[in-house]
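sharing a sequence plus its predicted fold:
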Amino acid sequence: MIGPNAPAEEALFLRKERAFEFALPALVRGRDIRERDFAEETRLASLSAKEATLRLRPQVRIGSKLVVSFSVPKTTLLERPVHLALSGTVSRIAAESAQTGNDRLITLRLDRNYRISSPAV
């Protein structure tokens, strides 16, 4: 429950748009804090029109640009599978995960441009 003393971040979290939570395999590309290129296979945890959340081992900074590619399988509403490539800027690194040293929970603020294609057969 949010009261007058609740942290602003918690209040913002409750006002966010609807996000879909799932565990789709994804490939993330970008640069780590040492400016080295990386590509890591991970799982997309949630996705909304403006944000994506995933776990990532390479250390990145807030403000880093990342590209996330993943396939959405055929469903009742989706006639055939599609492959999406989204780019975005790291907007949040969960504080508790930033100290563990392994993978970190990363939130990306998505850019407006994206690519949709048919997956390779």
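Yep, that arrived.

measure stretch 51-64 end to end?
Using C-alpha to C-alpha, to the nearest Å, the gap from the first to the last residue of stretch 51-64 comes to 14 Å.

and that stretch, how far out from the chain's middle?
Distance of stretch 51-64 from its chain centroid, counting by C-alpha atoms, centre = their mean, to the nearest Å, is 7 Å.

now that stretch: average pLDDT?
Stretch 51-64 carries an average pLDDT of 94.

remind me, longest strand of the chain?
Ranked by residue count and defined by DSSP state E, the top strand of the chain is strand 104-117.

report all helices and strands that that strand contacts.
Judged by 3 or more C-beta pairs under 8 Å, 6 or more residues apart in numbering; DSSP states H and E, strand 104-117 is in contact with strand 51-56, strand 65-72, strand 82-93, helix 95-98. Glycine gets a C-beta too; all of them are placed from N, C-alpha and C.

and with 7 Å instead?
Here strand 104-117 is seen to pack against strand 51-56, strand 82-93, helix 95-98 when contacts are counted using 3 or more C-beta pairs under 7 Å, 6 or more residues apart in numbering; DSSP states H and E.

what mean pLDDT does the longest one have?
In this model, strand 82-93 has a mean pLDDT of 93.

dump that strand to PDB, restricted to CA.
As requested, C-alpha coordinates have been extracted for strand 82-93 and formatted as PDB (Å, rounded to 0.1, in the frame of the first residue of the first chain):
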ATOM      1  CA  VAL A  82       8.000 -13.300 -35.900                       C
ATOM      2  CA  HIS A  83      11.500 -12.100 -35.000                       C
ATOM      3  CA  LEU A  84      11.800  -8.700 -33.200                       C
ATOM      4  CA  ALA A  85      14.900  -6.500 -32.800                       C
ATOM      5  CA  LEU A  86      14.500  -3.700 -30.300                       C
ATOM      6  CA  SER A  87      17.000  -1.100 -29.200                       C
ATOM      7  CA  GLY A  88      16.900   0.900 -26.000                       C
ATOM      8  CA  THR A  89      18.800   2.700 -23.300                       C
ATOM      9  CA  VAL A  90      19.600   1.200 -19.900                       C
ATOM     10  CA  SER A  91      17.400   3.200 -17.500                       C
ATOM     11  CA  ARG A  92      17.600   1.100 -14.300                       C
ATOM     12  CA  ILE A  93      19.800  -1.500 -12.800                       C
END
